[in-house]
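*Asks:* What follows is a predicted protein model with its sequence.
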Amino acid sequence: MGALSSIVNASAPSLYISLFSITFNPTAWNIIARNEYRKRTITRALGSPYHGCYLLAILIFTFGLSSGSLCALLDQPRVALLPKPLATLVPVLIFIVGQVFVLTSTYALGITGTFLGDYFRILMNDRVEGFPFNVLRDPMYVGSTLCFAATALWYERPAGLLITLYVYIVYLIALRYEGPFTDMIYSSRLKAEKED
């Protein structure tokens, strides 16, 4: 336990706030989106599925920024993780790759495709198969995870790499729910089109 305590400040409240936020955000948006698909609560309240989707996009984006992950990271012990010439280059390259995946997938999907528009019954005409989806099935989650890792390396916080691992696990769990549900939405549309 002594080795772990030298890289993780378990007494920092910011660590637990960040871990809670990392868990809460995808859990909440999946619950809200599934409720929207089944009951159309937000669409009815706002009068339009687009307004509902944009509201959810703003909430997801805002909660993502306010997760406190950077504060939690800076409250952790600093330990050199890479030799000097690589200590800057590696995190910068990882961050750039992560952002390329996030930004290009957002561009390919658009706002409604990125922020669960399919749960608001705003469906894309065709499955996006170009970059970055021809490289990764879930480029946004991979890109986001890479950005967490890059930030941990940039600030030389080993605890940040543990937080990154936690982010990755949470994303994998979220995808176990999102992927099949999204597939079901598009399968339902295809079945309805065949019946018409």
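*Replies:* Yep, it's here. Residues are numbered from 1 along each chain as shown.

*Asks:* Could you list the low-pLDDT ranges of this structure?
*Replies:* Along the chain, segments meeting pLDDT under 70 span 1, 67.

*Asks:* other SSEs contacting the helix or strand that contains T151?
*Replies:* For T151, the host element (DSSP states H and E) is helix 139-154. For helix 139-154, the elements it packs on are helix 69-74, helix 84-114, helix 158-195, judged by 3 or more C-beta pairs under 8 Å, 6 or more residues apart in numbering; DSSP states H and E. Every residue, glycine included, has its C-beta placed from N, CA and C.

*Asks:* Report the buried residues of the second one.
*Replies:* Along helix 84-114, these residues count as buried under the neighbour rule (16 or more other C-beta atoms under 10 Å): 90-91, 94-95, 98, 101-102, 104-106, 108-109, 112-114.

*Asks:* which two from those residues end up farthest apart in space?
*Replies:* Farthest-apart pair in the buried residues of helix 84-114 is V90 and T112; separation 35.1 Å (C-beta to C-beta).

*Asks:* Relative to T41, which of the buried residues of helix 84-114 is nearest.
*Replies:* T112 (17.5 Å).

*Asks:* ok, the closest one touching C53?
*Replies:* Yes: with contacts counted by C-beta atoms under 8 Å, T112 reaches C53, the gap being 5.1 Å.

*Asks:* That's all I had, so thanks and see you.
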